[in-house]
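*Asks:* next come a sequence and a model predicted from it.
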Amino acid sequence: MSLFEQAERASLRNAQPLAARMRPVRLSEFVGQQHFLGEGKLLRRLVQADRLGSVLFYGPPGTGKTTLARLLATESLSRFRQLNAVTSGVKDVRELLEEARDEVATGGRKTVLFIDEIHRFNKTQQDALLPDVEDGIVTLIGATTANPFFAVNSALVSRSQVFQFEPLTIDEISSLLSRALKDQDRGLGQYDVNISAEALEYLARVSDGDARRALAALEIGVLSSQDRPVQFDLALAAESVQRKSIEYDGTGDAHYDAASALIKSIRGSDPDAGLYWLARMLEGGEDVRFLCRRLVILASEDIGNADPQALSLAVAAMQACEFVGLPECQLTLSQAVTYLACAPKSNAATVAIGEARQDIREGRLLPVPVHLRDSHYQGARQLGHGKGYEYSHDADGGVAAQDYLGVDRCYYRPVDRGFERELAERLDQIRARLKAAKTEPADGSK
């Protein structure tokens, strides 16, 4: 390489942002995703055995999907080719696949084809990949921020290993920042930087698991400081971080995952977690009507008769939110979430209707007992309808010793919490009286 070419490369590298310059060049430098890349884990074993097949990388931005794809190509001694599904079409895919096939046919290296945002490809574009993926002409690495089990063709998913990337931890991002500050060649090692532990922890924490964002903030702080040496304190760190836009797709994974977390937090009686997930959804622009529907359902599904007021409050919150709207209805939603979270829990009503409907689906169809059949039309009495029926209000305690089903079934089993504890005591007395009717004929004769 000539000195001119070296100077060109150096200039191009210096023009890159810090996050690009600090990309690891060896797999051993890669930080994070140890749940599948650590020693003894699946992806590590595949690389070590040189058995890497097509894979799908699924996770949020800044977690290393593109970087790891490049490293895997290097480790497997393969050519690396990259496409972006947003800007590439079927023609681009086919040209690249043909190039890869020619390379293999002439004894050349295999090709790692990295497709970013692969979920943006339509079905035809994804199908075009299948033959060469199956034949091993290319090793496909698809990256996506959307759940591949919903966003990528099932045929392609079935031929690939799916690895889910998690946001980097605070410790992992801190190590990346420290490495960048020390690196003389690619990082900021040529600057004299005194960074406080508080500033380093702040950058790692507010980056929300995104290494690219943390490195960008570090670079902004160092280059914008007028002091030499740079005194990188907490104030400078706060000024260097831009507020991250909340990634929230109202119809995608973020929507369903946050809704699941909200409901499970309330069901688990944690009002603080419930409020956090409520706030996360509101800040992401969630539909208030969706939130209200979920709270009304939860009031019956998870609280039920343990606190009968829960459903009334949830319905009232739904009506108030419809009338008031945002931003004020956030107060109503907060009241509803905290009340429902603190209420005693019971799914007895939920289980009861589920078991009853299951009996129907499985063919356990019972005839309506004669004494319960409609007797208000002419001729009903000739059929015996209503004969032996006892009017409950005329019985002692308002409960007649009467069989209402014809067989023994116990669907509703109150829990020993909240108001259902009182219901359980009353129900024991009621069932004892009803059970007596099963030993007598419907007309009361001995």
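*Replies:* Here it is on my side, so go on.
*Asks:* tell me how this structure divides into domains.
*Replies:* 32-164, 170-240, 253-342, 367-437 (automatic domain parsing).
*Asks:* now the closest residue in space to residue 347 that isn't next to it in sequence: how far from residue 310?
*Replies:* Nearest in space to residue 347, with sequence neighbours left out and distances taken as C-beta to C-beta, 6 or more residues apart in numbering, is residue 302 at 5.9 Å. Quick note: C-beta positions are derived from backbone N, CA and C, even for glycine. Distance, residue 302 to residue 310, using C-beta to C-beta, to the nearest Å: 9 Å.
*Asks:* more crowded one of those two?
*Replies:* Legend: neighbour count by other C-beta atoms under 10 Å for residue 302 and residue 310, higher for residue 310 (27 against 22).
*Asks:* what is the mean pLDDT for stretch 399-406?
*Replies:* Across stretch 399-406, pLDDT averages out at 83.
*Asks:* that stretch: how far from the chain's middle?
*Replies:* Mean C-alpha position of stretch 399-406 versus that of the full chain (C-alpha atoms, centre = their mean, to the nearest Å) differs by 48 Å.
*Asks:* check what pLDDT the residue nearest to residue 347 gets.
*Replies:* Confidence at residue 302, expressed as pLDDT, is 96.
*Asks:* then it would be within a strand, right?
*Replies:* No: secondary structure of residue 302 (DSSP: H, G, I helix; E, B strand; the rest coil): helix, not part of a strand.
*Asks:* correct me if wrong: it contacts residue 266.
*Replies:* Yes: using C-beta atoms under 8 Å, residue 302 makes contact with residue 266 at a distance of 7.3 Å.
*Asks:* adding distance to residue 349, write the domains of the chain out as a markdown table.
*Replies:* Listed next are these as a markdown table, based on distance: least, C-beta to C-beta, whole Å:
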| stretch | distance to residue 349 |
| --- | --- |
| domain 32-164 | 32 |
| domain 170-240 | 40 |
| domain 253-342 | 4 |
| domain 367-437 | 7 |
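*Asks:* so which of those is nearest residue 360?
*Replies:* Among the domains of the chain, the nearest to residue 360 by C-beta to C-beta is domain 367-437 (11.6 Å).
*Asks:* so which bits of the one helix or strand residue 341 maps to are buried?
*Replies:* Element membership of residue 341, judged by DSSP states H and E, is helix 329-342. Neighbour counts using 16 or more other C-beta atoms under 10 Å place 329-330, 332-334, 336-341 of helix 329-342 among the buried residues.
*Asks:* how about stretch 302-322?
*Replies:* In stretch 302-322, counting by 16+ other C-beta under 10 Å, buried: 302-307, 310-311, 313-314, 317-318, 320-321.
*Asks:* what's the closest of those to residue 106?
*Replies:* Distance to residue 106, by C-beta to C-beta, is smallest for residue 302 among the buried residues of stretch 302-322, at 63.9 Å.
*Asks:* which SS class is residue 405?
*Replies:* With three-state DSSP as the basis, residue 405 sits in coil.
*Asks:* pLDDT of the helix or strand containing residue 294, averaged?
*Replies:* Using DSSP H and E, residue 294 sits within helix 288-298. For helix 288-298, the mean pLDDT works out to 94.
*Asks:* could you point out which element follows the host helix or strand of residue 181?
*Replies:* Per DSSP H and E, residue 181 falls inside helix 170-182. Next helix or strand after helix 170-182 toward the C-terminus (DSSP H and E): strand 193-195.
*Asks:* just checking, what packs against that following strand?
*Replies:* The helices and strands touching strand 193-195, judged by 3 or more C-beta pairs under 8 Å, 6 or more residues apart in numbering; DSSP states H and E, are strand 230-232.
*Asks:* who are the contact partners of residue 233?
*Replies:* Residues in contact with residue 233, defined by C-beta atoms under 8 Å, 6 or more residues apart in numbering, are 196, 198-199.
*Asks:* which among those residues gets closest to residue 125?
*Replies:* Of all the contacts of residue 233, residue 199 has the smallest distance to residue 125: 45.3 Å, by C-beta to C-beta.
*Asks:* next up, the contacts around that closest one.
*Replies:* Applying C-beta under 8 Å, 6+ apart, we find residue 199 in contact with 232-234, 236-237.
*Asks:* in JSON lines: the buried residues of stretch 302-322, plus distance to residue 394 and secondary structure.
*Replies:* Formatted as JSON lines, the buried residues of stretch 302-322 follow (distance: C-beta to C-beta, whole Å; DSSP: H, G, I helix; E, B strand; the rest coil):
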{"residue": "302", "distance to residue 394": "38", "secondary structure": "helix"}
{"residue": "303", "distance to residue 394": "35", "secondary structure": "helix"}
{"residue": "304", "distance to residue 394": "31", "secondary structure": "helix"}
{"residue": "305", "distance to residue 394": "27", "secondary structure": "helix"}
{"residue": "306", "distance to residue 394": "32", "secondary structure": "helix"}
{"residue": "307", "distance to residue 394": "33", "secondary structure": "coil"}
{"residue": "310", "distance to residue 394": "34", "secondary structure": "helix"}
{"residue": "311", "distance to residue 394": "31", "secondary structure": "helix"}
{"residue": "313", "distance to residue 394": "36", "secondary structure": "helix"}
{"residue": "314", "distance to residue 394": "37", "secondary structure": "helix"}
{"residue": "317", "distance to residue 394": "41", "secondary structure": "helix"}
{"residue": "318", "distance to residue 394": "40", "secondary structure": "helix"}
{"residue": "320", "distance to residue 394": "43", "secondary structure": "helix"}
{"residue": "321", "distance to residue 394": "45", "secondary structure": "helix"}
